[in-house]
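In: here are the coordinates; sequence isn't available:
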């Protein structure tokens, strides 16, 4: 059988933060080969699938992944050798069964996902199809609106801003190529404004700036100024999107805005704060505006703002259908962030997307703060037809490789390419 898996191998490589991660190689009987590299998150939900680390303090501060590599070579590889690479569901379920835990802690989600992604890639190549077409079919023609992280705070920056990500969304662009131009020009305008104000212009893990600002609100205000300086209209050409990562400043049942000096807030007060921001700024999306265990608060936030903006759950759902089903039942949000390595296989990620679609919810594909030069996410986003993508700012090559892949896909699709958000 030409499409049977002949060999599976893995190695330890470094991600964009200089930490080890897993790269997997798959070869078929027909000679086709593919590789995939696994990303890693910094701001992680407590229910995410487990990223297996060696824990050896003498290597990479305990962050080595040699055991995950060994699991690919000695456990997963032999089990999937001989399987038809186009049987993605069967292969992923085989690995889930091999692991035998609820959170992939035995073999490691990094080991399992590496194989899952590499198999999808090699199957697409063997079928002589682009990955997005192989995974999404002939109707995979929509390029997503990029949510570009241009200012950082929280765990992503050592500064005076409590909230983790301030993003620009070029919703008024006519196509993906122009969306990238809108974003790039605004990014450079922002850099110029920060420089004029004597603020830092070094970039963080996802390519966003991390200056010490006067307040959390100052971040929105200077971004809006940058949008206008670049010649665009805030709210029409470019909107704002936020990922506060509220779990990172949630302590003992309250929200401690200590970095900015804004003090302690209750869940209800955070909902009121977000409502005031949406009233004041052209915000279209709020991700993780409350703690991952504040289910009732999330529902109140959605009740207050869900008819105006996307209320996105990330840490609260961790791309897990069990939690997404609960969210749908309780009206917790109206959108879900989708991350392959939160759940650990391509199949389970597709199931999470399908559940969102059935519920009429929006979903956003997302990178991680520790990324690689693998552009799998771009093809996957087009295949899933979500209309939005989080892949960082418009600098750092591990971010730009995704954006450049989108540009290639748009070029390949030509006149058939669509671009833009779905209504929500």
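Out: Thanks, I have it. Please read these numbers as outputs of a predicted model, since none were measured by experiment. Numbering: from 1, shown residues only.
In: Tell me who's in contact with the spatially most central residue of the chain.
Out: By CA atoms, centre = their mean, the chain has its centre lying nearest to residue 366, at 1.6 Å. Residue 366 makes contacts with 314, 337-339, 377, 389-391, as judged by CB atoms under 8 Å, 6 or more residues apart in numbering. C-betas here are computed from N, CA, C, even on glycine.
In: Ok, residue 314 next?
Out: Residue 314 makes contact with 45, 243, 245, 287-288, 336-337, 339, 366 under the criterion CB under 8 Å, 6+ apart.
In: quick one: which of the residues you listed is nearest residue 96?
Out: The nearest member of the contacts of residue 314 to residue 96, counting by CB to CB, is residue 339 at 17.4 Å.
In: give me every residue that touches the closest one.
Out: 41, 314, 318-319, 366, 368.
In: about what we covered before: by neighbour count, which of the contacts of residue 314 wins?
Out: residue 336 (31 neighbours; other CB atoms under 10 Å).
In: State the helix or strand in which that one lies.
Out: strand 335-338 (DSSP states H and E).
In: And the average pLDDT for that strand is what?
Out: On average, the pLDDT along strand 335-338 is 97.
In: next one: that strand to chain centre, how far?
Out: How far strand 335-338 lies from its chain's middle: 9 Å, per CA atoms, centre = their mean, to the nearest Å.
In: quick one: contacts of it?
Out: 285, 287, 310-314, 317, 319, 324, 327, 349, 352-353, 356, 361-366, 384, 386, 390, 424.
In: Just those: which are in helices?
Out: When DSSP state H is applied, these are split such that 324, 327, 349, 352-353, 356, 384 fall in helices.
In: show me where the stretch 1-150 of the chain has strands.
Out: In the stretch 1-150 of the chain, strands defined by DSSP state E, counting those that start in this stretch lie at 5-14, 20-28, 33-37, 142-143, 145-152, listed in chain order.
In: Out of those strands, which is closest to residue 69?
Out: strand 5-14 (4.4 Å).
In: angle of the closest one against strand 33-37?
Out: 30 degrees (axes from the mean of the first three to the mean of the last three CA atoms, to 10 degrees).
In: Residue 135 contacts residue 383, doesn't it?
Out: Yes - counting by CB atoms under 8 Å, residue 135 touches residue 383, with 3.7 Å between them.
In: Those two: which has the busier surroundings?
Out: Using other CB under 10 Å as the criterion, residue 135 and residue 383 rank with residue 383 on top: 25 against 22.
In: List the residues that contact the more buried one.
Out: Contact partners of residue 383, counting by CB under 8 Å, 6+ apart, are 131-137, 140.
In: can you redo the residues you listed as TSV with distance to residue 191?
Out: Formatted as TSV, the contacts of residue 383 follow (distance: CB to CB, whole Å):
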residue	distance to residue 191
131	33
132	32
133	37
134	39
135	36
136	36
137	41
140	35
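In: Of those residues - the most surrounded one?
Out: residue 132 (26 neighbours).
In: sorry, back to before: now compare the contacts of residue 383 and name the two farthest from each other.
Out: Pairwise over the contacts of residue 383, using CB to CB, the maximum falls at 131 and 137, 12.1 Å.
In: neighbours around residue 281, how many?
Out: With other CB under 10 Å as criterion, residue 281 counts 17.
In: Distance of it relative to residue 290?
Out: Note on residue 281: its distance to residue 290, by CB to CB, to the nearest Å, is 18 Å.
In: Could you do residue 229 as well?
Out: From residue 229 to residue 290 the distance is 33 Å (CB to CB).
In: neighbour count winner among the two?
Out: Taking other CB under 10 Å, residue 229 and residue 290 do not tie; residue 290 has more neighbours (29 against 16).
In: wait, the more buried one sits on residue 246?
Out: Yes - Residue 290 is within contact range of residue 246, at 5.0 Å (criterion: CB under 8 Å).
In: Need the residues touching each of the two.
Out: 255, 270.
In: can you pull the buried residues of stretch 116-132?
Out: For stretch 116-132, the neighbour count (16 or more other CB atoms under 10 Å) marks 116-126, 130-132 as buried.
In: which one of the ones in helices among the contacts of strand 335-338 sits closest to residue 294?
Out: Closest to residue 294, out of all of the ones in helices among the contacts of strand 335-338 and judged by CB to CB, is residue 327, at 12.3 Å.
In: Beyond the longest helix seen in the chain, next helix or strand please.
Out: Counting residues, the longest helix found in the chain (DSSP H) is helix 176-196. Per DSSP H and E, the first helix or strand lying C-terminal to helix 176-196 is helix 216-229.
In: now that next one, how far from the centre of its chain.
Out: With CA atoms, centre = their mean, you get 24 Å for helix 216-229.
In: sorry, back to before: among the buried residues of stretch 116-132, give me the pair with the biggest separation.
Out: Farthest-apart pair in these is 116 and 130; separation 18.3 Å (CB to CB).
In: picking that back up, can you tell me which of the contacts of residue 339 lies closest to residue 14?
Out: Among the contacts of residue 339, residue 368 lies closest to residue 14 (CB to CB), at 14.2 Å.
In: Let's see the pLDDT reported for that closest one.
Out: Reported pLDDT for residue 368: 92.
In: Settle this for me: it is touching residue 319, isn't it.
Out: No - using CB under 8 Å, residue 368 is not in contact with residue 319, being 11.7 Å away.
In: Neighbours of residue 13, how many?
Out: With other CB under 10 Å as criterion, residue 13 counts 16.
In: Report the contact partners of it.
Out: Counted by CB under 8 Å, 6+ apart, residue 13 has contacts 20-23, 37, 372.
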